[in-house]
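K.L.:
quick one, structure for this:
(4 chains)
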Protein chains: 2
Amino acid sequence: MARPRTFDEERALDAAMRTFWEKGYEATSTQDLCDATGLGRSSIYNTFKSKHDLFERALARYIDSMTTAQLAVMEDVRLSAADRIRTLFAMVIDGETEHRADGRGLGCLTVNTTVELVARDARAAGMLERDTTRRLAALRAVFEEGRRDGSITSSRDPGALARFVNAAIGGMRISSQGGADRATLESIAEITMDALTG
Amino acid sequence: MARPRTFDEERALDAAMRTFWEKGYEATSTQDLCDATGLGRSSIYNTFKSKHDLFERALARYIDSMTTAQLAVMEDVRLSAADRIRTLFAMVIDGETEHRADGRGLGCLTVNTTVELVARDARAAGMLERDTTRRLAALRAVFEEGRRDGSITSSRDPGALARFVNAAIGGMRISSQGGADRATLESIAEITMDALTG
DNA sequence: CAGGTTATGTATTGGTCAGTACAAAACTTG
DNA sequence: CAAGTTTTGTACTGACCAATACATAACCTG
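P.N.:
All right, here's what the predicted structure looks like:
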């Protein structure tokens, strides 16, 4: 009934997501998005109605893929609670050390967006807040399980432990962007585990 | 011998620093800097030769004031090593909960700059790297002292503990920007201490 | 109070920003 | 193959960007 698209919307979204991830929202121009996706301006504005809308979709995609993968680990009944947290840290470290061109981690679009936009962009802030709530709830359940299975010996409140681990992940990501190598990140993860199992 | 300035350079620098801190580098326009400092464009460009130069001076000022205050605590011989770390955390938490208009922390210009610029701005990256090195060295010394005075019972390497605490501070700052309140930050700090003293 | 010097205000630079207008192209369906 | 619909490329919009040119103002020294 009409001219069909010559590109895959999901692939374009993915390319846009990576660009925002690498450069941040403000530093990414619409031209950058055209270059990254291979689309013309018309196609971009026809498909995604504005730079901000495209960013929101990219962020939603990022959040969904990240949190889906992390929740799968946190709900993996084959692992003890402590091992779930260890696996979670390993995932974060793998993610941070994976795309390194210049020896630094890319960080995490969620953390980056928190720093760059949360004070000024209520919609982004809302998305991040909902995601944090979801991840904290899953972490809390892991620690409740850990109390039962005996793998988490800390007597701290499970909710507090959840926030602690969430903060630790953020700290590892910042450290990675600051230049920490894999061994350093692994060491940070181990010491973080000390707080849970010691 | 010539017309004198009608403004205080240090005050202007301070205002610029706060603006970069609140909005980030890219999102701060030269007009924003004029508004914040009360200076005209000419005065800004006459005093600081470019936006980027002004940013570097602002960042240097921030780093200097922050690290000076933190090193003073870390070298305070009246306190046990563990108490120095506790005091350090208290300073970070006070800083994060101090300027809250909207219930969120401003974060830390160092962390914010790491996220926003480190991948693209070699000069800023260098400044941050030197500062991190300095702070890690001080933290390491604290943990060596903690082994002697018995207040730090973890058997982990002092350098590793230093990087762990540095990451923990970053994580607390990200958590604060994400909306964590004072009680949450204090709880994170306590659990972090568990890893050092447990 | 005059000469030298620096600070300041105003106007402007060329460039890039996000976003749009519009016509040509490409496809499906009848 | 023609009508209808959507995509696409090109050119363009006004706004704002960092930075500068230049004239004027304000001050110190002699």
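
K.L.:
going by C-alpha atoms from here, please, whenever you check contacts or count neighbours.
P.N.:
Will do.

K.L.:
let me know the secondary structure of A:Ser155.
P.N.:
Following DSSP: H, G, I helix; E, B strand; the rest coil, A:Ser155 is assigned to coil.

K.L.:
per-residue pLDDT, it?
P.N.:
pLDDT, A:Ser155: 98.

K.L.:
what sits against it?
P.N.:
With contacts defined as CA atoms under 8 Å, 6 or more residues apart in numbering or on different chains, A:Ser155 is in contact with no residue.

K.L.:
same check on A:Ile188?
P.N.:
Shown in contact with A:Ile188 (CA under 8 Å, 6+ apart): A:172, B:160-161, B:163-164, B:167.

K.L.:
also A:Ile85?
P.N.:
Counted by CA under 8 Å, 6+ apart, A:Ile85 has contacts A:Met74.

K.L.:
secondary structure element for it?
P.N.:
In the assignment (DSSP states H and E), A:Ile85 maps to helix A:81-98.

K.L.:
and the following helix or strand past that helix, what does it pack onto?
P.N.:
Next helix or strand after helix A:81-98 toward the C-terminus (DSSP H and E): helix A:109-117. Here helix A:109-117 touches helix A:9-23, helix A:51-74, helix A:122-149, helix B:109-117, helix B:158-177, going by 3 or more CA pairs under 8 Å, 6 or more residues apart in numbering or on different chains; DSSP states H and E.

K.L.:
the helix holding A:Ile85 to helix A:122-149, inter-axis angle?
P.N.:
Going by axes from the mean of the first three to the mean of the last three CA atoms, to 10 degrees, helix A:81-98 is angled at 140 degrees with respect to helix A:122-149.

K.L.:
flag every buried residue along helix A:81-98.
P.N.:
A:81-89, A:92-93, A:95-97 (16 or more other CA atoms under 10 Å in any protein chain shown).

K.L.:
now stretch A:146-162
P.N.:
For stretch A:146-162, by 16+ other CA under 10 Å, it's A:146-147, A:151-154, A:156, A:158-162.

K.L.:
the closest residue in space to A:Gly171 that isn't next to it in sequence: neighbouring residues, count only.
P.N.:
Spatially, and ignoring its direct neighbours in sequence, A:Gly171 is nearest to B:Gly171 (3.8 Å; CA to CA, 6 or more residues apart in numbering or on different chains). For B:Gly171, the count of nearby residues is 28 (other CA atoms under 10 Å in any protein chain shown).

K.L.:
how about the residues of chain A that lie near DNA strand D?
P.N.:
A:1-7, A:39-43, A:46-47 (CA under 7 Å from any atom of the strand).

K.L.:
and those, which are buried?
P.N.:
Buried among the residues of chain A next to DNA strand D by 16+ other CA under 10 Å: A:Leu39.

K.L.:
nearest to B:Gly24, of the residues of chain A next to DNA strand D?
P.N.:
Closest approach to B:Gly24 among the residues of chain A next to DNA strand D (CA to CA): A:Arg41, at 27.4 Å.

K.L.:
can you check the pLDDT for the residue nearest to that closest one when sequence neighbours are not counted?
P.N.:
Spatial nearest neighbour of A:Arg41, excluding adjacent residues (CA to CA, 6+ apart): A:Cys34 at 6.3 Å. Note on A:Cys34: pLDDT of 98.

K.L.:
A:Val115 too?
P.N.:
Per-residue pLDDT puts A:Val115 at 98.
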